[in-house]
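Peer 1: Sequence plus the predicted model coming up.
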Amino acid sequence: IDGLRQSETLSSQGFKELFEGYGNFNNTRNGVEIENVKVATITKGADSIKSGSGALGGSVMFETKDARDYLIDKDYHIGVKRGYQSMDNQDLTSVTLAGRYKWFDALFIHTRREGREIENYFYDIYKNKEQDYAAIGKTREKADPYHITRESNLLKLAFQPHEEHRFSVALDDSKLHSNGEDLSYTLRSSTRVDHEIYGQRKTNDKSHRKNTQFTYENFTQTPFWDHVKISYSTQKITNNARTDEYCSGP
């Protein structure tokens, strides 16, 4: 996102390999808020020269919006978007504010998404909530219940004293919180126990990404370049994954 690599794994690879196979601690990647994205570039095959050493099999690069994308032949923009996605019963609210005054321009985008698990085929197989929560274990035919909240804030301030020089500072802050009940989970607490415990696992996962970026752009056309962009960024990504299992031995 804006030239920065994103989180792909836990800090301990051994810890990840040990627990991930059992469905624990799966909160290993953060996401991007699509309302903030101006351009998405997908590259197939090795792209290490352009995208960095991690792009051995290709890359997906996102560039976020700035005030210039909204202030075409006008000095301010106000936008409100409301949406609903039936796939996961997601409710979307997004507010966009952009303005320009003399040499200065600013952009602010706030987005909040609140939804549930993605509906699978036969999602309505259980007629009511009692039947839904009674269907536990490996025979369950419906996606496990989850409540997922995403909140994002993008703020960009820019100063352009001349048509060939532009200075800007940006703050990109996004949070994800997911609570779920793994009703399809099956646990045998001991090899000495001849029965299994169903649906007794709960998840509480959080992801927080904060990026501060300073950018200088030069639009002077020379034999060597048409546009030069120099950025300095500091990014912190914190992923927390908590899994609680409730069981009792013999």
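Peer 2: Good, I have the coordinates.
Peer 1: Going by C-alpha atoms from here, please, whenever you check contacts or count neighbours.
Peer 2: OK.
Peer 1: Adjacent strands (with direction) for the helix or strand hosting Thr234?
Peer 2: Assigned by DSSP states H and E, Thr234 falls within strand 228-245. Here strand 228-245 is paired, per DSSP bridges, with strand 201-218 (antiparallel).
Peer 1: how about the strand it pairs with: buried residues?
Peer 2: 201-214, 216-218 (16 or more other Cα atoms under 10 Å).
Peer 1: what does stretch 62-73 give?
Peer 2: Within stretch 62-73, the residues that count as buried by 16+ other Cα under 10 Å are Phe62, Thr64, Lys65, Asp66, Ala67, Tyr70, Leu71.
Peer 1: so how far is it off the chain centroid?
Peer 2: Relative to the centre of its chain, stretch 62-73 is centred 21 Å away, using Cα atoms, centre = their mean, to the nearest Å.
Peer 1: what about that stretch, start to end distance?
Peer 2: Terminal residues of stretch 62-73 lie 26 Å apart, using Cα to Cα, to the nearest Å.
Peer 1: Average the pLDDT values over that stretch and round to the nearest integer.
Peer 2: When pLDDT is averaged over stretch 62-73, the result is 92.
Peer 1: what's in contact with that stretch?
Peer 2: With contact meaning Cα atoms under 8 Å, 6 or more residues apart in numbering, stretch 62-73 is reached by 1-3, 36-41, 76-77, 98-100, 105-107, 156.
Peer 1: Buried ones among these?
Peer 2: Buried positions within these, assessed by neighbour count (16+ other Cα under 10 Å), are Ile1, Asn36, Tyr76, Ala98, Gly99, Arg100, Asp105, Ala106, Leu107, Lys156.
Peer 1: any idea how far the first one is from Thr212?
Peer 2: To tie it back to what came earlier, the one meant is Ile1. 12 Å.
Peer 1: What of Thr93?
Peer 2: Counting by Cα to Cα - Thr93 and Thr212 are separated by 24 Å.
Peer 1: What are the boundaries of the strands in this structure?
Peer 2: Listed in chain order, the strands found in the chain under DSSP state E are 37-44, 58-64, 76-85, 90-101, 104-116, 146-162, 165-181, 186-187, 197-198, 201-218, 228-245.
Peer 1: State the mean pLDDT of stretch 101-119.
Peer 2: Mean predicted lDDT for stretch 101-119 stands at 95.
Peer 1: Mind listing what's buried along it?
Peer 2: 104-119.
Peer 1: same deal with stretch 227-245?
Peer 2: Going by neighbour count (16+ other Cα under 10 Å), the buried part of stretch 227-245 is Ile237, Asn239, Ala241, Thr243.
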